[in-house]
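# pasted the sequence and its predicted model underneath.
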Amino acid sequence: MSSDITTQPSVVERQPADRLRDAGLYAPGDAVLSVRDLNVRFNSENGVVHAVRGVDFDLMAGKTLGIVGESGSGKSVTSMAIMGLLPETADISGSVRFKGKELLGLGDKAMCRHRGSHIAMVFQDPLSSLTPVYTVGHQIIEALTVHNPGMSSRAKEARAVELLAMVGIPSPQARLKSFPHEFSGGMRQRVMIAIAIANDPRVLIADEPTTALDVTIQAQVLEVLHAAQEETGAAVVMITHDLGVVAGMADDIMVMYAGKPVETGTVEDIYYRPRMPYTLGLLGAVPRVDTSQKSSLVPIEGTPPNLINAVTGCSFAARCPLASDECRTAEPALLAVDGGTGGHRAACIKSGTLDGVDAHRIFHAPPVPVSKFDGVSRDGRATVLELKDVKKYFPLLKGSLFKRRIGTVKAVDGLSFDIREGECLSIVGESGCGKTTTLLEIMEFHPDQDGEVVIGGVSNKAATDGKTKQAMRKEMQMVFQDPTGALDPRFTVYEVLAEPLENLGMPKDAIRKRIMELMRLVGLQPDHVNRFPNQFSGGQRQRIGIARALAVNPKLVVLDEPVSALDVSVQAGVINLLDQLRAELGLSYLMVAHDLSVVRHISNRVAVMYLGKIVEMGDVDQVFDNPRHPYTRALLSAIPVPDPELERTRERIILQGDLPSPLDAPQGCNFATRCPVFAALPREKRDKCLTLEPALAAEEAQQFACFFPDGEIDADMLVVHA
Amino acid sequence: MLRYLGKRALIYVVMIFLTTSAGYFLAVSSLKPALLEQEKIPRPTPEQVANSFRLLGLDPNLNPWERYVQWLGGILTRWDWGRSPNGAYVNAEFADRVMISTRLFLASIILTLIIGVALGVYSAARQYKFQDRAITSYSYLVHILPAPIAYFLVQLGAIGVNDAVGERIFFVTGISTPGIEPGWPAFVDLVAHYAVPTFAMTVFGWAGYQIAQRQYLLDNVNADFVRTARAKGLTRNHAITRHALRVSFIPVAQSIAFTIPAIFTGGFFAEAIFAWPGVGLWSIDAIGKQDVNVATAMLAYGSVIFAIGAILADFATTLVDPRVRAQ
Amino acid sequence: MTNLIDPVAEIDEARAADVVIGKGRIIFRRFMRNKTAVAGLAIFLVLFAFSLFGGFLTTWDKETIDPLNIGMGPSPEHLLGTSQAGIDLLALVVEGTRVSILIGLIVGGLSVLISAVYGCSMAFFGGKVDSVMLFILEALIMMPAILVVAVATSGGGQSLKELPSWLLLIAVLLFFSWMGTARLVRSLAMSLMQRDYVKAAKYMGVPSMRIVRRHLVPNIGSLLVLDFTRGITGAILAEVAFSYIGIGIKLPDVSLGVLIGGATGQVSSFPWMFWVPLTVMFLLTGSLAMMNDGLRDAFDPSSTSIGRASTKKKTK
Ligand SMILES: Nc1ncnc2c1ncn2[C@@H]1O[C@H](COP(=O)(O)OP(=O)(O)OP(=O)(O)O)[C@@H](O)[C@H]1O
Ligand code: SF4
Ligand code: SF4
Ligand SMILES: [Mg+2]
């Protein structure tokens, strides 16, 4: 038990001033960082936002505290308050002590002595967090110069090289002179970590350090963070919305909701014995990648409260299925739970009754929907979409006036697959592997395309007249990733939904009727049709997008990352809706997603793409439980699961490097540059991978493209953390 | 990099050729020096006029295309930009005029850029404080004040100062006093002539840079990379001056090219108001005298200046932005 | 990333004003909330009325010479005094204001139209058409407009001489005023065409023309409205500047620039002749500038001004 959160029930009833004094008295002497009653208020255009409302924790040397919560719960504001990086206009109260020394109230200058040397921070978006006009070397050395003015420039450079090597950047000496834009996202995040650990900080705060990265890169960066922590012995505050990411890393967890910690305790307490409905809901809302659980997800209806309005009762009451009048009278204090370890505390008056309850039951998760196709074998169903050797090459041009072709990007390189009625096929892979291009190629549906696309029996080669195209448009519709960008901000919901119907020439009355039907179908209130998209939450907007796709009764819906822009709790509701619609309407889905847990939950079949090619395809459970291609194996092992026990003992394959630039796509097997099996192969066997291109071959129902599907994996690329 | 600039330059050469040619046709069809000759006393016969113009290469009886060919031939073979109706060679006068204009503009172009950027930074740092409001309001005010009137008001002010002191401190017109002795008196005279126009062009010129620099810097003060710099231990001010400033200058550098036409036009007004015999005054006079060749030469000159500005802007951008340098 | 806009807050606000209101109404309301903008509009309307009906304030017209009052200051007979030629200044200012507003409206309006069509075409056709059109556009930007104005209005040519000088000026100003906006329209239209909602419409099989009409035009519209007022200001200023140095509008046509320019010679002896038209010009351009800010707010779809205006008091 490291972050020993003070267990003083009486503390909460006292005045804040008393609490502060007590907090100072009771803070364990060996905590590197202790935060007491941290409150942050902002003046916004609409009123005062009370963004953080009383956060307390102690962080012990070398330990990791995970802070989880959905968007807007105050995670980032908390971390920025600790760093003293909030705008001057923010009103901050409480206490933040570093080794017993109060940091709140220090001026910018005084705070600078701590920032970057005692407490360092890694931010979420690596693309924008480095100054574009300075070399990475310059930026690392700057961090050294600020705190070590006496250090010789030789020594600084040597240290910078050492740091770059430590975070795993190949040929660090040469890379010092590179500019940030010459690095990929993952590499930039490594540089950020190098800057953060440059002065051996005692506390390292990482605010969603991997959210913007691909899973394989996320695994690399988490690995680097882990190594950095071991190297420096720093205590880490890991902020995330992904319960999986912290499961294996953290010692303690703090769950935040509406600016307040609502449950704290050890990882085991939180993941295995949650005692607050919100935590329960969150854990039930994330699908699992490691089991083929076929139950619905736990939806948490509604949205977090507006922090401008004073909170009267439990802040979660509006979304809590257990809420009663009692909950609305006073805000429940964060109290030790009955029968728990001292450190396990929850802010719920009913926490005593929640021991071991099933989130599915209290949140009324819907039953698993049954489709009429469920009993029918795959061969017995009609094909709704078929791709035959579809290719899309982009010329890579250089120059502005006289363009020169310097190469070809094979974004989609000979794709063939089919989708049957009532089935969901998902395409997964790292960003840049050609997933979106595949979808766009299908949506384009043009006779001049390279390869054949057959939709509902109509081939693109035959789609020469407008009528065929129009017919095909009725068969297939699309749902976009960004629910906000997909809706014209100047259209009301009614206009949005009417557009496809008017296009079919449907009469006015019928349109009105159909729209009301659609609103109900996707779980929106029919009387909201007159609103504009910006008056809805993200989850609701995505429902509007789905309703629009369904308006013309298509057979196939193409889903481009349908839930990746949504918060976990909202995501669950949309996934359940998609599941239910597929069953009720007999739809087929073609989905692209990077979140493999979501994929496992929704899909029947999965295709893994790498550099424009499918490397493995088959039944989702088969592929996930018994992956054959080394890439699939690496991808799956990289996904963190929200289970601390399992996370700690799991073997993880860490792929080396990034997705190679499509320009220098290797001969032979595309994956050879990063393949862990290839790396472990004896020299004489390697030739085969380097010269021959493995074809996508079927073994029973599972297809994969690898010569050594059961090969050993290079030990260097395997890690297990205890 | 050099290749890229070379290509840009080539495009501009083509553009200059086209704009100049278009300008020539416009000038030839709308300027009729022959009509002015008719007002001379004694009144020459149309034949006499045509004859003398033919000798100058301004034959009014040729159609525009024939004259264009003749004119272009002169430039391409002899670099001869033609002659004025009074017989003067365009080439001969051109250098002097450009010299005078350049001398007048150079100081204010540089001052405008430096002061505008500096005030932009200063007002961004004091956002919404009194200084910012004053500086920025002034810049917006300049936007609704036509340049010649602004210059005229400065001129009035300078005259007012002279009157108040009771002695001629500033010259409000002309470029130098004839017959001044060289050395110190000549220098004082020079400054007295330069001061007012340079002042006017500068104080009414920096507004654009100020507003742009202020806006771009404000866009960047809360950028993620400034936060990173602060998280390293840099103070807010250091983080802004070392990181945000450099990045925010990139778009300002790019905008330099587009202020060139404004400077060129502003220069016209300045020369007209302060009576500096530079390219602006020359063009206006020449057009008044229905002088096709001077008008076209000036048009070409304006386009060349613009092209140079655009290439300089490209160059400046590559200096400050490594992302462009790479290509 | 930290989300600075609280979605929940937006929903709550929306609920407060639940009645569905038309977009025009919303825009109008937002505009009316901006006091400066409303004041600007009022001033502009007053000036506009003045330019149309100001003639009734005096019995003199802009041609009749009053031989008894030449170059006289304001008097009950001539409210704003007379010019050196003995013409009533009020009548001249009314005429000048009308010409200036006319030039502004025509140039501002038409140049917006041209830039919209030109910019959209570039974005829509793309490829070769786009490159050629862009080339033409840049070549025009390169041309020193002032010289062309001077040449075109110098009036030596027979064909052009027939036109009144203000019409000629309008034509030339128009020729050089649309390129900047056209470029903006082009890049805006290009980015709009990449938006998911445009793709969605395309994938629904909505015909191109309908997409342009329903999705592109309204979204570009706000830019165009803003540019309209900016264009008016620009044209008025350009007229004054050009006429002032004698290359724009020429006597006997009257405009604010001509009046200001003609009076500079004797500011000390006849100050009213200079300051009166100058003040009118300032009111004109100033009122447009004041309106511009309000218009930008009103048309910005992401504008928070629904909430901002209603709760302005609370923030400090
Ligand atoms: N500078 C600011 N001014 C006003 N309000 C702010 C400011 N910064 C944050 N907030 C508000 O504070 C609340 C908490 O935001 P915070 O960024 O800490 O959330 P978060 O948990 O980090 O969310 P995410 O997962 O999206 O990063 C939000 O309602 C946000 O809108
Ligand atoms: S206090 Fe009541 S409303 Fe709040 S979480 Fe507990 S049961 Fe739900
Ligand atoms: S074919 Fe060789 S390189 Fe390719 S995935 Fe299989 S083992 Fe790796
Ligand atoms: Mg955050």
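Structure's in. What do you need? Ligands and ions are numbered 1, 2, ... in the order given.

# what's the burial count for the residue in the stretch 101-250 of chain C that ligand 4 sits nearest to?
With Cβ to the ion as the measure, C:D196 is the residue of the stretch 101-250 of chain C nearest to ligand 4, at 24.5 Å. All C-beta atoms are positioned from the backbone trio N, CA, C, and that covers glycine. By the criterion of other Cβ atoms under 10 Å in any protein chain shown, C:D196 has 21 neighbours.

# so what's it up against?
With contact set as Cβ atoms under 8 Å, 6 or more residues apart in numbering or on different chains, C:D196 has these partners: A:F480, A:Q481, A:D482, A:G485, A:A486.

# ok, which stretches of the stretch 201-316 of chain C are helices?
C:208-211, C:217-244, C:256-263, C:271-299, C:305-311 (DSSP state H, counting those that start in this stretch).

# TSV please, covering those and showing distance to chain A and mean neighbour count.
Shown next, in TSV, are the helices of the stretch 201-316 of chain C (distance: least, Cβ to the nearest Cβ, whole Å; neighbours: other Cβ atoms under 10 Å in any protein chain shown):
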stretch	distance to chain A	mean neighbour count
helix C:208-211	8	13
helix C:217-244	5	23
helix C:256-263	39	26
helix C:271-299	10	21
helix C:305-311	5	17
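
# who wins for proximity to A:S184 among the ones you listed?
helix C:217-244 (33.7 Å; Cβ to Cβ).

# can you give the distance of the closest one from its chain's centre?
Distance, stretch centre to chain centre, for helix C:217-244: 3 Å (Cα atoms, centre = their mean, to the nearest Å).

# which elements pack onto it?
helix B:147-165, helix C:89-125, helix C:145-153, helix C:165-177, helix C:179-193, helix C:256-263, helix C:271-299 (3 or more Cβ pairs under 8 Å, 6 or more residues apart in numbering or on different chains; DSSP states H and E).

# now with 6 Å?
Here helix C:217-244 touches helix B:147-165, helix C:89-125, helix C:179-193, helix C:256-263, helix C:271-299, going by 3 or more Cβ pairs under 6 Å, 6 or more residues apart in numbering or on different chains; DSSP states H and E.

# any chance of these in TSV, plus distance to ligand 2 and mean pLDDT?
Listed next are the helices and strands packed on helix C:217-244 as TSV, based on distance: least, Cβ to the nearest ligand atom, whole Å; pLDDT from 0 to 100:
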stretch	distance to ligand 2	mean pLDDT
helix B:147-165	67	87
helix C:89-125	52	88
helix C:179-193	44	87
helix C:256-263	69	84
helix C:271-299	40	84
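
# switch those helices over to CSV; also include distance to A:G74.
Output for these, formatted as CSV (distance: least, Cβ to Cβ, whole Å):
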stretch, distance to A:G74
helix B:147-165, 52
helix C:89-125, 42
helix C:179-193, 34
helix C:256-263, 58
helix C:271-299, 30
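
# and the host helix or strand of A:D579, what's its mean pLDDT?
Assigned by DSSP states H and E, A:D579 belongs to helix A:568-585. Helix A:568-585 carries an average pLDDT of 88.

# try stretch A:305-320
85.

# count of neighbours near A:A565?
Neighbour tally, A:A565, other Cβ under 10 Å: 18.

# next, it: secondary structure please.
Going by DSSP: H, G, I helix; E, B strand; the rest coil, the secondary structure assigned to A:A565 is coil.

# doesn't A:D482 make contact with it?
Yes. If you go by Cβ atoms under 6 Å, A:A565 and A:D482 touch, sitting 5.5 Å apart.

# parallel or antiparallel, which strands does the following helix or strand past the helix holding A:D579 pair with?
Where DSSP H and E defines the elements, the next helix or strand beyond helix A:568-585 is strand A:588-592. When sheet partners are counted by DSSP bridges, strand A:588-592 sits next to strand A:424-428 (parallel), strand A:556-560 (parallel).

# buried sites along strand A:588-592?
Neighbour-count burial for strand A:588-592 flags A:S588, A:Y589, A:L590, A:M591, A:V592 (criterion: 16 or more other Cβ atoms under 10 Å in any protein chain shown).

# repeat for stretch C:132-150
Per 16+ other Cβ under 10 Å, stretch C:132-150 contains these buried residues: C:133, C:137-150.

# stretch B:210-219 now?
Buried, per 16+ other Cβ under 10 Å, within stretch B:210-219: B:Q210, B:I211, B:A212, B:Q213, B:R214, B:Q215, B:Y216, B:L217, B:L218.

# run through who's touching it.
The set of residues external to stretch B:210-219 that reach it, using Cβ atoms under 6 Å, 6 or more residues apart in numbering or on different chains, is B:G116, B:V117, B:L119, B:G120, B:S123, B:A124, B:S139, B:S248, B:P251, B:V252, B:S255.

# and those residues, which is closest to C:D88?
B:S139 (37.4 Å).

# and chain C, is the helix or strand that that closest one is a member of touching that?
Per DSSP H and E, B:S139 falls inside helix B:130-143. No. Using Cβ under 6 Å from any Cβ of the partner chain, helix B:130-143 never reaches chain C; the gap is at least 6.8 Å.

# what pLDDT, on average, does that helix get?
89.

# buried residues in it?
B:D132, B:I135, B:T136, B:S139, B:V142.
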